[in-house]
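Enquirer: My questions are about this predicted structure, shown below with the sequence.
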Amino acid sequence: MTLIQTTAALPAAPDYVRILPEIVLSIFGMAIMLLDPLIDERRGQRLLGGVALAGSLVAVVATLFQAQQQFWGSGFWDMVKVDAFSIFFHFVVAAVLLLVILSSYEYMEVQQIRAGEYYGLLLFGAVGMDLMSSAVELVLIFIALEISSISTYILAGFRRRSAISTESSVKYFLLGSFATAFFLYGVALIFGATGSTSIPRISAALTEYISGGGGPLLAYLGIALMFVGLGFKVAAAPFHIWTPDVYEGAPSPVVGFMSTAPKAAVFAVLLRIMFQIEAPGRIWLIWIAAALSMTLGNIAALVQDNVKRLLAYSSIAHAGYLLVAFASLPENGIPAAMFYTASYAAMNVGAFAVVGHFASAGERYVTLEDYSGLGRRSPVLAAILTIFLLSLIGIPITGGFFAKFYVFSAALQANLVGLAIIAVVNSAVAAYYYLRLMVVMYMREPRDESPVPAIPSRLGIALGLSLAATIYLGILPGRILEYAARSVALLR
């Protein structure tokens, strides 16, 4: 009898397919850690990078295999759920990982950083992000969040010879620990109020309470505390204080990674929670965070002279635009948020890849004045960065244009006119500091006539893929939006 019960309790074979990308990334990550001590540092840079690149490619294939509808559904005792929604974010995370690994080859050599732990942490961080995208159980979300966070805490301080990099890692770790405590306390309160940590069961319990004319205050307080914890991870105001210092000190490819992939995963969690768990006042909570993020992020970015800090405050503002879509849930807001996530990932990874290449050893060239005359010194690099900046502004034929258009449209259709006006005004303000960088590149005399290093092949592939995705989403957004709209219908 015991053997029969044990066998019945084992996960079914399809369950393992439902976490196939996570299994693939874990295997390649462990392979890197095992190989690292066995090979010398010079050979390790390329060999271990190649293993990581292979892992990201296999993760993309695993995601496509997982997309077959026969594998859709809940697994591991209803803790994970594979559907069109989770597959979308799995693909975004895998694509970002692929681009970051490609853009890291040259960076690691120039900065003389040992490769093994770096690539391993990238893969392990992606494991946590994938789990967050498909988890429907709050304890599993917490574990996945910690897997992702611990990797990024370490990666932020990977330029060990730089004091500012170490400082960024410590700040990120300390503030991130506080944010995690808020999230975990929120989970505890929700469990105390509803007796469950499963999102569907919590939703059913709260719906029953609300239909009865009331609801447990503990549950609503728990949701607010969870929002605080997740708001920190996506750099939404007023939980954004860590962002500029961490972005300035962390390696540029790592910033490209942590500003896109973890945010995509956390937004996936937020979408599930806010869409499935209905709580009074949640829209106003999101409304205030969105308005603060857009306004504070853009105003602070206006006075920045460091390009990485400028893009850090820009990322805070973009978190605000995404929260506008959250406030517009569900039918129009979720597709808009998903499209925005994909567009922002493409253009921001590309922008930080350019910044990392131009910064040179020790990341010496990161101020606006360092970019003076870049259009003359390296026309190709300047043109690539210009396209990403135009997309961040929201200029037509770039993904950023349709991303903002659909978010603002969703807000208007949800009668959030005031929030839409704030978003449009902030978009106009943001154009100033992006255009300011373009003016410096094309209309200022070079401070240093030394040539910018040629773009190596792997970085060129990463930039080409980012450009292609940015322009594709700006010209043919229909397929992505249709997929996102279908995933909303299947999300409940």
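Expert: Received, thanks.
Enquirer: My read is that residue 474 contacts residue 402, right?
Expert: Yes. Residue 474 lies in contact with residue 402 (CB atoms under 8 Å); the separation is 6.2 Å. All C-beta atoms are positioned from the backbone trio N, CA, C, and that covers glycine.
Enquirer: low pLDDT regions in the stretch 151-300 of the chain?
Expert: Scanning the stretch 151-300 of the chain for pLDDT under 70 picks out 210-215, 279-280.
Enquirer: repeat that with 90
Expert: Filtered on pLDDT under 90, the stretch 151-300 of the chain yields the residue ranges 157-168, 178, 193-196, 200, 202-224, 233-234, 237-241, 267-268, 270-285.
Enquirer: Please, which helix or strand holds residue 81?
Expert: Residue 81 belongs to strand 80-82 when assigned by DSSP states H and E.
Enquirer: Next: residue 74.
Expert: Assigned by DSSP H and E, residue 74 belongs to strand 73-75.
Enquirer: Residues contacting that strand, please?
Expert: Here strand 73-75 makes contact (CB atoms under 8 Å, 6 or more residues apart in numbering) with 11-12, 14-15, 18-19, 80-83, 136.
Enquirer: before we move on, what about stretch 315-322?
Expert: Outside stretch 315-322, the residues within contact range by CB under 8 Å, 6+ apart are 234-237, 240, 243, 247, 259, 263, 267, 289-298, 300-301, 337, 340-341, 344, 348, 392, 403-404, 407, 423, 426-427, 430.
Enquirer: rewinding a little: sort out which residues of the strand holding residue 74 are buried, please.
Expert: Residues of strand 73-75 classed as buried: 74-75 (neighbour count, 16 or more other CB atoms under 10 Å).
Enquirer: what are the pairing partners of that strand, and which direction each?
Expert: strand 80-82 (antiparallel) (DSSP bridges).
Enquirer: pLDDT averaged over the partner strand - what is it?
Expert: Averaging pLDDT along strand 80-82 gives 91.
Enquirer: what's that strand in contact with?
Expert: Contact with strand 80-82 is made by 18-19, 66, 71-75, 86, 131, 134-137, 140, as judged by CB under 8 Å, 6+ apart.
Enquirer: Quickly name whichever of the residues you listed is closest to residue 417.
Expert: Among the contacts of strand 80-82, residue 86 lies closest to residue 417 (CB to CB), at 32.8 Å.
Enquirer: Burial check on that closest one, number of neighbours?
Expert: If you count neighbours by other CB atoms under 10 Å, residue 86 ends up with 27.
Enquirer: Now it: closest residue in space that isn't a chain neighbour?
Expert: Counting by CB to CB, 6 or more residues apart in numbering, residue 134 is the residue found nearest to residue 86 once chain neighbours are left out, at 3.9 Å.
Enquirer: ok, now residue 378?
Expert: residue 452 (3.9 Å).
Enquirer: Please name every helix or strand in contact with the helix or strand hosting residue 376.
Expert: Per DSSP H and E: residue 376 is located in helix 374-377. Packed against helix 374-377 by the contact rule (3 or more CB pairs under 8 Å, 6 or more residues apart in numbering; DSSP states H and E) you find helix 379-393, helix 417-443.
Enquirer: ok, back up a step: checking the residue nearest to residue 378 next. Helix, strand or coil?
Expert: At residue 452 the chain is in coil, as set by DSSP: H, G, I helix; E, B strand; the rest coil.
Enquirer: correct me, but it touches residue 365?
Expert: No. Assessed by CB under 8 Å, residue 452 is found out of contact with residue 365, at 9.1 Å.
Enquirer: list residues touching both of those two?
Expert: Counting by CB under 8 Å, 6+ apart, the residues touching both residue 452 and residue 365 are residue 358.
Enquirer: Isn't residue 384 up against residue 463?
Expert: Yes. Under the criterion of CB under 8 Å, residue 384 makes contact with residue 463 at 5.5 Å.
Enquirer: Check the contact lists of those two and give me the overlap.
Expert: Joint contacts of residue 384 and residue 463 (CB under 8 Å, 6+ apart) are 350, 354.
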